[in-house]
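J.: This is a predicted model, with the sequence first.
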Amino acid sequence: MATDAVSTAEQERAAYLLDAQTKAVQLFEEIERDLIRPGISEKTLSDEIHELGAKRHGIKTHWHKRVIRSGPNTLQPYEENPPDRIIQADDIMFVDLGPVFEAWEADFGRTFVLGDDPVKKRLRDTLEPVWKAVKAQYQQNPGMTGEQLYDIACEGAKEAGWEFGGHIAGHLVGSFPHERIPRDKISLYITKGSQGPMSQLNSEGQKRHWILEIHLVDRARQIGGFYEQLLTVD
């Protein structure tokens, strides 16, 4: 009976996370349809996203900063804070949000192309296949370390003709506030030096759930793209 109760609880946690991500998908569809346009600053778009999320989806909290990057700013990883920039008519750009839906966190990122530049479109269209390929290798060995999966992500980027742009390829996610993930505790990230098995349980004996993020860049062309969503829940 105890085992059944644990199994049910795990299923409920996974369902809550997936529901939060489904709501994030809806939010991003509205962002693309109603908000993304040239001629406004990244900060203005960020403020408009905050307002849209609050009014249409009841989002009161984002568990991490809203990240809006366009043009050469797309080269910068999450931890950087590049200067605000006006979105241009031929830009590639990405949005990375961490909205909290009814106490459950989503972490979701997508890339958008304004205009018809074929290289920027190819970069955007490469992100999901690389993400899926990295996930497939993870599923073959869920007990691998965060460092091993980071190396797989970097190799996947290289095989696709790009460079991996960040120092991490993912992290934990959960209920809000989730298990704290300070940068000095690298075991909770998908990154170099993360040597513990990703299948390790949390302090309460529960399965940890992970986000996988793919950041591809072309430094010569000063462009990048980003794709992020749940790794451990389908």
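T.: Arrived safely, thanks for sending.
J.: What are the boundaries of the helices in the chain?
T.: 2-34, 42-57, 118-140, 146-159 (DSSP state H).
J.: how about JSON lines for the ones you listed, with mean pLDDT and mean neighbour count added?
T.: C-beta: built from backbone N, CA, C; applies to glycine. Compiled in JSON lines, the helices of the chain are given as follows (pLDDT from 0 to 100; neighbours: other C-beta atoms under 10 Å):
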{"stretch": "helix 2-34", "mean pLDDT": "86", "mean neighbour count": "14"}
{"stretch": "helix 42-57", "mean pLDDT": "94", "mean neighbour count": "16"}
{"stretch": "helix 118-140", "mean pLDDT": "98", "mean neighbour count": "17"}
{"stretch": "helix 146-159", "mean pLDDT": "98", "mean neighbour count": "20"}
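J.: Please convert the ones you listed to JSON lines, extending it with distance to Leu172.
T.: Formatted as JSON lines, the helices of the chain follow (distance: least, C-beta to C-beta, whole Å):
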{"stretch": "helix 2-34", "distance to Leu172": "11"}
{"stretch": "helix 42-57", "distance to Leu172": "23"}
{"stretch": "helix 118-140", "distance to Leu172": "14"}
{"stretch": "helix 146-159", "distance to Leu172": "10"}
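J.: Quick one: closest of those helices to Gly225.
T.: Taking C-beta to C-beta, helix 118-140 is the member of the helices of the chain nearest to Gly225, at 4.7 Å.
J.: tell me what the closest one is packed against?
T.: For helix 118-140, the elements it packs on are strand 92-97, strand 108-113, helix 146-159, strand 209-218, strand 223-230, judged by 3 or more C-beta pairs under 8 Å, 6 or more residues apart in numbering; DSSP states H and E.
J.: Include distance to Glu51 when you put these into a markdown table, please.
T.: Shown next, in a markdown table, are the helices and strands packed on helix 118-140 (distance: least, C-beta to C-beta, whole Å):
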| stretch | distance to Glu51 |
| --- | --- |
| strand 92-97 | 13 |
| strand 108-113 | 18 |
| helix 146-159 | 34 |
| strand 209-218 | 25 |
| strand 223-230 | 22 |
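J.: Now that Ile31 has come up, it's in contact with Glu51, right?
T.: No. Judged on C-beta atoms under 8 Å, Ile31 makes no contact with Glu51 at a distance of 11.3 Å.
J.: thinking again about what came up before, which one of the helices of the chain lies closest to His167?
T.: Proximity to His167 (C-beta to C-beta) singles out helix 146-159 among the helices of the chain, at 8.6 Å.
J.: Can you list the neighbours in contact with that closest one?
T.: 130, 133-134, 137-138, 163-164, 168-170, 186-187, 189-196, 198, 212, 214, 216 (C-beta atoms under 8 Å, 6 or more residues apart in numbering).
J.: Kindly export stretch 137-144 (C-alpha atoms) in PDB.
T.: What follows is stretch 137-144 as a C-alpha-only set of coordinates in PDB (Å, rounded to 0.1, in the frame of the first residue of the first chain):
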ATOM      1  CA  GLN A 137      20.300   9.700 -25.100                       C
ATOM      2  CA  TYR A 138      19.300  10.600 -21.600                       C
ATOM      3  CA  GLN A 139      16.400   8.100 -21.700                       C
ATOM      4  CA  GLN A 140      18.800   5.300 -22.600                       C
ATOM      5  CA  ASN A 141      20.600   6.000 -19.300                       C
ATOM      6  CA  PRO A 142      18.600   8.100 -16.800                       C
ATOM      7  CA  GLY A 143      21.300   7.400 -14.100                       C
ATOM      8  CA  MET A 144      24.000   9.400 -16.100                       C
END
